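**Q** next come a sequence and a model predicted from it.
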Amino acid sequence: MSWNPAITTVKCSDAIERIVWSLCSRFIAIACYKETQILDATTLERVKSLAAQGDRSQSLTFSAESCLLTRLNGEPEEFISWDLQTGVPASVISSDKEERGRHYPGDHQERKEFTQKTLSMTYSGCGMMFGVLFKHHNVAVIVTYNVLSSTSTGYYPVERPVVNIIWTHDKSIRFATYGRGSITIWEVGFVLEHPATEVESLPTPNNFDPSSRFLFLPACSRLAFILNDSVFVWDARHSKLLLSSADIRRPKDYSMTFSSDGRFFACGTHSQEIYLWKDSPTGYTFHQRLVSSSLSRSPPPLLSPDGRSIIAFGHYDLQLWRTTDPTPSLFGVPARDLQSIQHFVFGFSPDELLAAAARLNDNTVTVLDLRSGVPRLMIDSGVKIHGLRVGGSTVVVVGEGKIVTWNLPQRDHALNATANINDSIRTTIFGHSSLSFSSPFSASISPDFNYTAIAGFGVSGPYFHIYDMTTGKHLAVIDTHGSEVRFSPDGRSLWSHSFGTTQGWAIIKDSKSNFLKMECLGQARCPPGECPWAPPCNYEITDDGWVFNPNRKRLLWLPPHWRSFEIDRMWSGRFLALLHGQLPEPVILEVLE
């Protein structure tokens, strides 16, 4: 796999809601729930952090000179404009939602309850005013605001179906409406005191469906749309088809993007691919295929205004490529459909000589010799595997209501040995009748092989069941929201992880009943080394993929397509396993100092 240094990845602790390039292509602004970040577009290093001062971001835009950044928050609905040199708000403009409602059709009650979307924002050339395109159902209104006075200056209802973009032309705002067979460009002054005037009417192709999602680039009059899984780009000014591509899989209609001059066009797919085309005298020609390792599965791409870079962003991560790379980034990493995303179960032996791995709900276990990197034993377990553990001389699998154990071949035995269910030395059936969950999420076996914990979903919701490994006796049940369950390395506690929240329970054995009492440790980030996915004490994996030892020495760099959430890692001494769902197999790394 490629370790191409041209790609850069950062991860955010807060969910990304909006993202925008500056018009100079030097900066990227990210609107998160709690803050707005300004990143350097070359390194993705944080340049400035701005307090969000409100709820969800509905829109985000830079001024023409990249001196101001404006964010529209949801609750309370207000525009915050920051001076990017000082990081201090230049203005805060309160919502005029009720006033905007008067410009939409309907009775008083409908206007009171109406909801609207912010489609586009644009700054005037002087940077003192900005316009916003709002939409309620199929009716739109343009509103302009003055940054200095922090007030709205005008309202203009658009009575025709409007393209979801407004832009600045000289001292005016331009917008586009569409109808059967044409797109019409209109112009109106920033103060919105006079009706809009028609600038020009551009023809659309015969196969264009205006009711579907499409992308319009005003500067070059380019129209991009998807029809029957084919991607089209139309030059409206010259009535010429520039791209008709049917060779990409499952294109995503809201993942199309142009560079500001139309020189590059990109489209994302549902399979985490990004296809990039470059303009030529004969139309758009294929330039690159990029494969995103974003954890959100299918992130939308966004080309920089100058076309030299492209970013893909998910819920918590952001990736950057250079479109000028001579070869496709991540070439050789296969594109994988969503159906092929893998979830793995994995375990290291206590002596760090062996590792065992299987795909969740598959039936094949691979036991790997960590000294040679060669499989030592392949087991056809005959059950759907939910969890496993490898000991000094045995391999234990949890699956489909039973626990099955195999002996490992002697160390001087030839590698690549095979086994099946008939070669197992013991099978234990779970003895609890309520273990009738449809499909367990995960299972974990304690290091001393005394207990197994299974995460499943029952009639009352998600839970953990804990069983005795020898007898199959049910010992405890925990109601929880977690979908991952893991014993700590010392076997004294049990941990779950779900949606960024870690919760632990101390295991206390009742000597009289032999049942277990689970003492809740609360929701917290587990201590270093307490969970299999947590690094050893004072070790760290940074957002940009570096593994540091306690002395802050860089030990290893992880390429972006190997990076994953913390729960998808497993540490054991100097070994680190990466269980990335977009990789065909787990990756096992030996971290040497």
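**A** On my side now, so go ahead. Numbering: from 1, shown residues only.
**Q** C-alpha from now on. contacts and neighbour counts both.
**A** Will do.
**Q** what about the stretch 151-300 of the chain, any weak spots by pLDDT?
**A** Within the stretch 151-300 of the chain, the stretches with pLDDT under 70 are 293-299.
**Q** so where do the strands sit in it?
**A** Remark: strands assigned in the stretch 151-300 of the chain by DSSP state E, counting those that start in this stretch are 151-158, 162-169, 172-179, 182-189, 197-203, 214-217, 222-227, 230-235, 240-245, 251-258, 264-269, 273-280, 283-291.
**Q** in the sheet, which strands lie alongside the last one, parallel or antiparallel?
**A** Translated: strand 283-291. Partners of strand 283-291 in the sheet, by DSSP bridges, are strand 273-280 (antiparallel).
**Q** repeat for the shortest one
**A** Note on strand 214-217: by DSSP bridges, its sheet partners are strand 222-227 (antiparallel).
**Q** with the third one instead?
**A** If you go by DSSP bridges, strand 172-179 pairs up with strand 162-169 (antiparallel), strand 182-189 (antiparallel).
**Q** give the rounded mean pLDDT of stretch 518-531.
**A** Mean pLDDT, stretch 518-531: 68.
**Q** ok, now stretch 379-396?
**A** Mean predicted confidence for stretch 379-396 is 90.
**Q** how long is stretch 64-71 end to end?
**A** Across its full length, stretch 64-71 reaches 15 Å between end residues, using CA to CA, to the nearest Å.
**Q** so what's the gap between that stretch and the chain middle?
**A** 26 Å (CA atoms, centre = their mean, to the nearest Å).
**Q** just the buried positions in it, please.
**A** 64, 66, 68-71 (16 or more other CA atoms under 10 Å).
**Q** what ranges do the strands span in the stretch 401-550 of the chain?
**A** Under DSSP E, counting those that start in this stretch, the stretch 401-550 of the chain gives strands at 402-407, 417-420, 426-429, 442-445, 451-458, 461-468, 474-479, 484-487, 493-498, 501-509, 516-523, 540-541, 546-548.
**Q** closest one to residue 314 among those?
**A** Closest to residue 314 of the strands of the stretch 401-550 of the chain is strand 493-498 (CA to CA; 18.0 Å).
**Q** pull the CA atoms of the closest one into CSV?
**A** Extracted in CSV, the C-alpha atoms of strand 493-498 (Å, rounded to 0.1, in the frame of the first residue of the first chain):
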residue,chain,number,x,y,z
SER,A,493,-12.9,-5.1,35.1
LEU,A,494,-15.1,-5.0,32.1
TRP,A,495,-15.3,-2.1,29.6
SER,A,496,-17.7,-1.0,26.9
HIS,A,497,-17.3,1.6,24.3
SER,A,498,-20.1,3.2,22.2
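**Q** just checking, what packs against that strand?
**A** Applying 3 or more CA pairs under 8 Å, 6 or more residues apart in numbering; DSSP states H and E, one finds that strand 493-498 contacts strand 484-487, strand 501-509.
**Q** residue 395 sits in which helix or strand?
**A** If you go by DSSP states H and E, residue 395 is part of strand 394-399.
**Q** for residue 78, give me its contacts.
**A** By CA atoms under 8 Å, 6 or more residues apart in numbering, the contact list for residue 78 reads 72, 92-95.
**Q** picking up where we left off before, looking at the strands paired with strand 172-179, which is closest to residue 319?
**A** Comparing the strands paired with strand 172-179 by CA to CA, strand 162-169 comes nearest, at 25.2 Å.
**Q** which residues touch the closest one?
**A** 119-125, 132-133, 140, 173-178, 216.
**Q** give me the below-cutoff pLDDT ranges for the stretch 401-550 of the chain.
**A** Across the stretch 401-550 of the chain (using pLDDT under 70), the flagged ranges come out as 411-414, 432-440, 458-462, 481-483, 498-501, 522-530, 532.
**Q** farthest from the middle of the chain: give me that residue.
**A** Within the chain, residue 512 marks the point farthest from the mean C-alpha position, 48.9 Å out by CA atoms, centre = their mean.
**Q** dump the residue contacts of it.
**A** By CA under 8 Å, 6+ apart, residue 512 has no neighbours at all.
**Q** before we move on, what about residue 403?
**A** Going by CA under 8 Å, 6+ apart, residue 403 touches 396-397, 427-430, 469.
**Q** now residue 234
**A** Under the criterion of CA under 8 Å, 6+ apart, the neighbours of residue 234 are 204-205, 222-224, 240-243.
**Q** now do residue 243
**A** Applying CA under 8 Å, 6+ apart, the residues near residue 243 are 231-234, 283-285.
**Q** still on that earlier bit, out of the helices and strands packed on strand 493-498, nearest to residue 313?
**A** So among the helices and strands packed on strand 493-498, strand 501-509 is nearest, using CA to CA, at 22.2 Å.
**Q** neighbouring strands - and their directions - for the closest one?
**A** strand 493-498 (antiparallel), strand 516-523 (antiparallel).
**Q** of those, flag the one that's most buried.
**A** Burial of these is given as mean neighbour count (mean count of other CA atoms under 10 Å); strand 493-498 ranks first at a mean of 21.
**Q** would you list the phi and psi of the closest residue to residue 549 other than its chain neighbours?
**A** Spatial nearest neighbour of residue 549, excluding adjacent residues (CA to CA, 6 or more residues apart in numbering): residue 539 at 4.8 Å. The phi/psi pair for residue 539 (degrees, to the nearest 10) reads phi -80, psi 160.
**Q** start to end distance for stretch 475-490?
**A** End to end - CA to CA - stretch 475-490 spans 19 Å.
**Q** for that stretch, which outside residues touch it?
**A** 441-447, 453-456, 461-468, 493-498, 514-518, 529-532.
**Q** what about 7 Å?
**A** Here stretch 475-490 makes contact (CA atoms under 7 Å, 6 or more residues apart in numbering) with 441-447, 455, 462-468, 493-498, 515-516, 530-532.
**Q** filter these to the buried ones?
**A** 441-447, 455, 462-468, 493-497, 515-516, 530-532.
**Q** make CSV from the contacts of residue 234 and add distance to residue 194 to it.
**A** CSV is the format used below for those (distance: CA to CA, whole Å):
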residue, distance to residue 194
204, 29
205, 32
222, 28
223, 29
224, 32
240, 35
241, 36
242, 37
243, 39
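**Q** what is the nearest of these to residue 272?
**A** Closest approach between those and residue 272, by CA to CA: residue 224, at 19.7 Å.
**Q** returning to what we had before: so which of the strands paired with strand 172-179 comes closest to residue 49?
**A** Here strand 162-169 is closest among the strands paired with strand 172-179 (CA to CA), at 27.1 Å.
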